[in-house]
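> What follows is a predicted protein model with its sequence.
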Amino acid sequence: MKLARWAAQGRIINGTFEDGELVGTDGVRYNPEEAVWLPPSEPQKIIGIALNFADHAEELKLEKPELPAIFIKPSTSLIGHKGKVLMPPGSAYMHYEAELVAIIGKRCRAVKAANALDVVAGYTIGNDITVRDKIGKYFRPPLIAKGWDTFGPVGPYMVTPDEAPDPSDMSLRTFVNGQLRQEGNTRNLIFSLPELIEHISMIMTLEPGDQIWTGTPKGISHIYPGDIIRIEIDGIGALESKIVLGPKL
């Protein structure tokens with residue numbers, strides 16, 4: 001099942017995505033081109049994992065972490081499918097990061113890896129937008145690089161585990177204006193999703209709707225206002241976003 005949230009006719013609607021249409025819980029069908037897609041969950045926490053692909057750490061000339069490198073993205077960074085990402089004026093190097101996102105389905109703490117997938121409600125796609133020139137020695141965790149409003153496109157919907165592929169073997173691709181720029185597979189994660197859930201839930205209670213962004217593979221590159229970013233994950237779907245120049249602050 002593909003569970004979605006969207007805005008239409010002046011209200012927020014929950015439902016499913018079926019046969020190319022959005023279907024509300026009351027059975028009313030909506031044209032997805034006329035709806036405003038919303039993030040598929042309303043998380044209390046958005047937990048990102050830096051450098052969780054070895055080839056991405058190598059392209060940044062950084063060592064592989066010995067433990068999951070956790071950071072938090074603010075909820076105000078989230079936008080839905082086909083949303084607009086606001087590029088801060090004066091940014092020199094802004095890039096995309098394609099990621100598999102796991103959405104938590106039940107309140108939990110101290111979950112063991114062996115049972116970790118039991119707490120997952122479903123999977124979606126995230127684009128961990130980053131301004132690389134804002135990352136420096138003293139700016140970790142990199143909130144100033146990854147925490148801006150609109151820097152978390154996510155969606156378009158959540159695929160439930162019974163319909164999703166094996167999360168340890170999902171292929172990711174990023175296209176910029178139709179050109180393939182990034183490609184990877186979750187089989188190459190340094191820390192698997194069950195290992196991440198065990199580690200994170202050792203530190204904090206996870207709540208329904210919380211999102212775990214599992215990391216991005218090699219292949220980041222510059223993006224600019226006007227670019228269309230499309231991220232595909234086999235068996236999950238495709239997430240599109242447009243880059244626009246944000247207001248001067």
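The structure has been received and is ready for your questions.
> okay but residue 31 is in contact with residue 21, surely?
Yes - judged on CB atoms under 8 Å, residue 31 makes contact with residue 21 at a distance of 7.0 Å. No exception for glycine: its C-beta is placed from N, CA and C like everyone else's.
> out of these two, which sits in the more crowded spot?
Between residue 31 and residue 21, counted using other CB atoms under 10 Å, residue 21 has the larger neighbour count: 13 against 10.
> okay but that one is in contact with residue 29, surely?
Yes - the pair residue 21 / residue 29 is scored as a contact, 4.8 Å apart, by CB under 8 Å.
> What confidence value was assigned to residue 249?
Note on residue 249: pLDDT of 79.
> Let me know how buried it is, in neighbour terms.
Applying other CB under 10 Å, I find that residue 249 has 6 neighbouring residues.
> contacting residues for it?
For residue 249, the contact set (CB atoms under 8 Å, 6 or more residues apart in numbering) comprises 88-89.
> do residue 116 as well
If a contact means CB under 8 Å, 6+ apart, then residue 116 has 193-195, 197-198, 201 as its contacts.
> And residue 8, by the same measure?
Per CB under 8 Å, 6+ apart, neighbours of residue 8: 22, 30, 34-36.
> packing partners for the longest helix seen in the chain?
In the chain, assigned by DSSP state H, the helix with the most residues is helix 193-203. Counting contacts by 3 or more CB pairs under 8 Å, 6 or more residues apart in numbering; DSSP states H and E, helix 193-203 is packed against strand 69-73, strand 98-104, strand 211-213.
> Which of these sits closest to residue 164?
Ranking the helices and strands packed on helix 193-203 by proximity to residue 164 (CB to CB) places strand 98-104 first, at 9.8 Å.
> What lies in contact with the closest one?
For strand 98-104, the external contacting residues (CB under 8 Å, 6+ apart) are 40-41, 43, 119-128, 154, 158, 167, 170, 172-174, 182, 184, 186, 193, 197, 206-217, 231, 233, 236.
> Sitting in helices, which of these do you find?
193, 197.
> Just the buried ones from the contacts of strand 98-104?
For the contacts of strand 98-104, a burial check counting by 16 or more other CB atoms under 10 Å picks out 40-41, 43, 119-128, 154, 158, 167, 170, 172-174, 182, 184, 186, 193, 197, 206, 208-217, 231, 233, 236.
> What mean pLDDT does the longest helix of the chain get?
98.
> neighbours of the closest residue to residue 94 other than its chain neighbours, just the number please.
What sits nearest to residue 94 in space, not counting adjacent residues and going by CB to CB, 6 or more residues apart in numbering, is residue 131, at 5.1 Å. Close neighbours of residue 131, defined as other CB under 10 Å, add up to 21.
> got the contact list for residue 125?
98-101, 154-156, 231-233, 236-239.
> Most neighbours among the contacts of residue 8, which one?
Greatest neighbour count in these, by other CB under 10 Å, goes to residue 22: 24 neighbours.
> can you list contacts of the host helix or strand of that one?
Assigned by DSSP states H and E, residue 22 belongs to strand 21-24. Strand 21-24 is contacted by residues 4, 6, 8, 13-17, 29-32, 35 when judged by CB under 8 Å, 6+ apart.
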